[in-house]
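**Q** Let me see the structure of the following:
(chains A and B)
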Amino acid sequence: MTRAAGAARAVTTRVLPLRLALWLEDRRSATRELRRSARVFARSASSMTGLALVLLFLAVAALGPWLVPYPEDARGAVHLERKLQPPGAAHWFGTDEVGNDVYTRVVLGARVSLQVGLVITLVGALVGVPLGLVAGVHGGRTGEVIMRVTDMFLSVPSLVLALAVVGALGPGIVNAVLAISLVWWPGYVRLVQGKALALREEAFVEAARAVGTGRLRIVFVHILPNCLSPIIVKASMDMGTAILTAAGLGFIGLGARPPQPEWGAMISHGRNYLPTWWWYSAFPGLAIYLTVMGFNLLGDGLRDVLDPKSRG
Amino acid sequence: MLFGLLCITFAIAHVVPGDPARLVAGPDATEAMVATVRARYGLDRPLPVQFVRYVTGLLAGDLGQSLHSQNAVRDDLLRYFPNTLELVALSLGLAVVVGVPLGMLSAVYKDGWIDHLTRAVSVSGVAVPAFWLGLMLQLVVALWLGWLPLGGRLKLTTPPPEPITHLLLVDALLRGQWATLADALHHAVLPVVTLCFPALASILRVNRAEMIETLRQDYIVSARAQGFSGFRVVTRYALRNAMIPTLTMIGLRYGWMLGGTILVETVFDWPGIGLYAVNAAVASDFQPILGVTLLIGLNFMLANLLVDLGYAWLDPRLRRAGAP
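**A** Got it, this is the predicted structure:
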């Protein structure tokens, strides 16, 4: 009895340093890997452009109120005496029909877009990833049903479905975001299911199953971490696409309502003042373009580093 | 599949809160008036009953009625869809005709100036908001330069052709109304370019990547070594193989384009199903939106079928494998 306990302790004391060493080696190789990835990323001009654009966008969204000359214009102040002025020193992007500074509204619109993009992408991933894991790992009838529903959602462009939902809910930015979130998850189900299905057959998962590892542990320790790279890449791209879709709904008149500074709605209003007062719709569109391009390029760059096999 | 889509759209339209009957009756309507409207459209029945009624109606070709215009949705869709189909077909055609050769050239002259141009287009194409691009084209080309009309399908003074196919351009061609055809083409340029841009970008991107991959393969190198001309190797051997993923992208893009018409038709006042859906959504009129969603879903499925047939044409192995 005591001999057995002694032997066990001896094994533990011998094994522990070994585990520590293995863990340390693991960390070290992870750091090396990270450094290599960073080098690859930094060498690509388009990746760095994407990163710069995204950082600029985040900085503008965070510091907006301190960057703008007329913060009250975001809440719909009225200064009719300076309406529809062309771009100049006082108003870099000109003014709109009630004299609001377009530059101020574009800068503060970044925050709206960031929130919209984050909510849609997060909800999409939070709903889609678990469903994808269930469909990929568990499979069976449940998996079949999940994939069928996913395919149905994927057979109609998300903007059309979102339009249907907003049409039923009524216009407004909260409803628009809700509508887009409701139709955003199928992409994640597809992605994660495919990846999980492939991982399920991998030797290390087989081995884990063979030594009696629980199903949940397999999912969270072995499968999910290996799905993370494509999820991160997709999320980065989706930030851009979600912002674009929400701006589209804003443009149609089903998204944000004035005076909220939302880019799509601003373009829609500025449209009535073309061609003379072109700056009203030109600058918000430019902001959308640069933001979406930033997230796309960043996503591309991340994919080259994290998930080079799925390039296309 | 289509039945599933039907369930989803029906659920979206009916389960979410909002009372269409009240909207139709108007803000000043009394409870009794709202109840009358509800009874007239069967909105007072339990949801399963409404669903069965909707599906049986659908099987008989009845897509319901627009609460707003009182027209049958089927008639509206028949009237508007040809316009959308023309817009999408022209845009997709343009995207393929420009995208495939450009992707090919970009792969052959990798890192040359044409490759840089192509990459710039493919990065911009998916990032630029279509509605904004449309507006800016309107601003510069139509309003400042005055080269092309602002929107719509024909000038007010241009007589439309007698319908044969209900496709305006085709009808004008068949009837030999050259002035009408020219005017319709004039009106089509800006919307087609706007709608084609995102598709062009992704077709370029996929075709370029696939061509680069294919040109590295052994059989290409050996074909070159055997002295086949560069042009023949690229177009005959490499392009054919690179086209398979490109074809998938084209099929996908057809569906997305139908979604894109929502914005592009709004900008250019193009009387298609996209504009129709937007007007319905703004008026909370859900039968038309339901009809448009189903129509787009159906088209998407047809496109997938065509893509599968296209694979067989491109790849003889698939043809033999699929043969009974």
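
**Q** what does the stretch 51-200 of chain A have sitting close to chain B?
**A** Counting by CB under 8 Å from any CB of the partner chain, the positions of the stretch 51-200 of chain A adjacent to chain B are A:148-149, A:151-153, A:155-161, A:163-171. For glycine as for every other residue, the C-beta is placed from the backbone atoms N, C-alpha and C.

**Q** What about those residues, which are in strands?
**A** Here DSSP state E is the test, and these give no hits in strands at all.

**Q** Can you go through these and name the buried ones?
**A** A:149, A:152-153, A:155-161, A:163-169, A:171 (16 or more other CB atoms under 10 Å in any protein chain shown).

**Q** Could you count how many residues lie near the residue lying closest to A:Pro71 once chain neighbours are set aside?
**A** Distance criterion CB to CB, 6 or more residues apart in numbering or on different chains; nearest residue to A:Pro71, sequence neighbours excluded, is A:Pro65 at 5.3 Å. A total of 12 residues lie near A:Pro65 under the criterion other CB atoms under 10 Å in any protein chain shown.

**Q** Quick check: A:Pro65 touching A:Glu72?
**A** No: using CB atoms under 8 Å, A:Pro65 is not in contact with A:Glu72, being 10.5 Å away.

**Q** intersection of neighbour lists for those two?
**A** Common contact partners of A:Pro65 and A:Glu72 (CB atoms under 8 Å, 6 or more residues apart in numbering or on different chains): none.

**Q** For residue 200, which non-adjacent residue is spatially closest?
**A** If you meant another chain, say so; for now it's chain A. A:Val137 (6.1 Å).

**Q** you looked at the wrong chain, it should be chain B
**A** Using CB to CB, 6+ apart, the nearest residue to B:Leu200 is B:Ala95, at 4.2 Å.

**Q** Could you check how far the helix or strand A:Gly194 falls within is from the centre of its chain?
**A** Take DSSP states H and E as the rule and A:Gly194 turns out to sit in helix A:186-200. Distance, stretch centre to chain centre, for helix A:186-200: 18 Å (CA atoms, centre = their mean, to the nearest Å).

**Q** what do you get for stretch A:18-25?
**A** 35 Å.

**Q** any idea where the helices of chain A begin and end?
**A** A:2-43, A:45-67, A:102-133, A:140-154, A:158-169, A:173-182, A:186-200, A:203-210, A:215-217, A:224-252, A:263-270, A:279-306 (DSSP state H).

**Q** Identify each buried residue in the third one, please.
**A** Right, helix A:102-133. Buried residues in helix A:102-133, counted by 16+ other CB under 10 Å: A:102-114, A:116-121, A:123-125, A:127-133.

**Q** Could you pull up the mean pLDDT of it?
**A** Taken as a whole, helix A:102-133 has a mean pLDDT of 92.

**Q** just the fourth one next, same as before
**A** pLDDT averaged over helix A:140-154 equals 88, rounded to a whole number.

**Q** could you check the angle helix A:158-169 makes with that helix?
**A** 90 degrees (axes from the mean of the first three to the mean of the last three CA atoms, to 10 degrees).

**Q** and helix A:140-154, what other elements does it pack with?
**A** helix A:102-133, helix A:186-200, helix B:2-15 (3 or more CB pairs under 8 Å, 6 or more residues apart in numbering or on different chains; DSSP states H and E).

**Q** Let's have these in TSV, adding distance to B:Ala120.
**A** As requested, these are arranged in TSV below (distance: least, CB to CB, whole Å):
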stretch	distance to B:Ala120
helix A:102-133	24
helix A:186-200	26
helix B:2-15	37
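
**Q** among those, which is nearest A:Gly264?
**A** helix A:102-133 (9.0 Å; CB to CB).

**Q** centre of the chain versus that closest one, how much separation?
**A** Distance, centroid of helix A:102-133 to centroid of chain: 7 Å (CA atoms, centre = their mean).

**Q** close to chain A, is stretch B:214-223?
**A** No: Stretch B:214-223 is not in contact with chain A by CB under 8 Å from any CB; minimum separation 13.0 Å.

**Q** residue ranges with poor pLDDT in the chain?
**A** Went with chain A since none was named. A:1-15, A:308-312 (pLDDT under 70).

**Q** my bad, chain B
**A** Ranges of chain B meeting pLDDT under 70: B:1, B:13-27, B:41-44, B:318-324.

**Q** mind listing the strands for it?
**A** Counting by DSSP E, chain B contains no strands.

**Q** Taking it, what residue is nearest to chain A?
**A** Of all residues in chain B, the one sitting closest to chain A is B:Gly259 (2.6 Å; CB to the nearest CB).

**Q** That residue against B:Gly297, yeah?
**A** No: in this structure, B:Gly259 is not within contact of B:Gly297 by CB under 8 Å, at 10.9 Å.

**Q** where do the contact lists of the two overlap?
**A** What both B:Gly259 and B:Gly297 touch, as defined by CB under 8 Å, 6+ apart, is the set A:Val156.

**Q** Looking at those two, which one has more neighbours?
**A** Each of B:Gly259 and B:Gly297 has its neighbours counted (other CB under 10 Å); B:Gly297 has more, 25 against 22.

**Q** Please report how far that one lies from B:Gly291.
**A** Computed with CB to CB, to the nearest Å, the distance linking B:Gly297 and B:Gly291 is 11 Å.

**Q** any idea how far B:Tyr237 is from B:Pro245?
**A** In terms of CB to CB, B:Pro245 sits 16 Å off from B:Tyr237.

**Q** These two - which one has more neighbours?
**A** Using other CB under 10 Å, the more surrounded residue of B:Pro245 and B:Tyr237 is B:Tyr237, with 19 against 15.

**Q** need the helices for the stretch 201-324 of chain B, in chain order.
**A** Taking DSSP state H, counting those that start in this stretch to define them, one finds helices in the stretch 201-324 of chain B at B:218-225, B:230-232, B:239-268, B:273-282, B:286-314, B:316-322.

**Q** now these as TSV including distance to A:Ala196?
**A** Shown next, in TSV, are the helices of the stretch 201-324 of chain B (distance: least, CB to CB, whole Å):
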stretch	distance to A:Ala196
helix B:218-225	34
helix B:230-232	44
helix B:239-268	22
helix B:273-282	36
helix B:286-314	24
helix B:316-322	27
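
**Q** burial of A:Arg141, as a residue count?
**A** A:Arg141: 8 neighbours (other CB under 10 Å).

**Q** again, but for B:Gly251
**A** So B:Gly251, with other CB under 10 Å, has 20 neighbours.

**Q** Can you tell me the closest non-neighbouring residue to it?
**A** Distances taken as CB to CB, 6+ apart put B:Val307 closest to B:Gly251, at 3.6 Å, once the chain neighbours are dropped.

**Q** Which residue is the nearest non-sequential neighbour of the residue of the stretch 201-312 of chain A found nearest chain B?
**A** Residue nearest to chain B within the stretch 201-312 of chain A (CB to the nearest CB): A:Gly285, separated by 3.3 Å. Nearest residue to A:Gly285, sequence neighbours excluded (CB to CB, 6+ apart): B:Trp132, at 3.3 Å.
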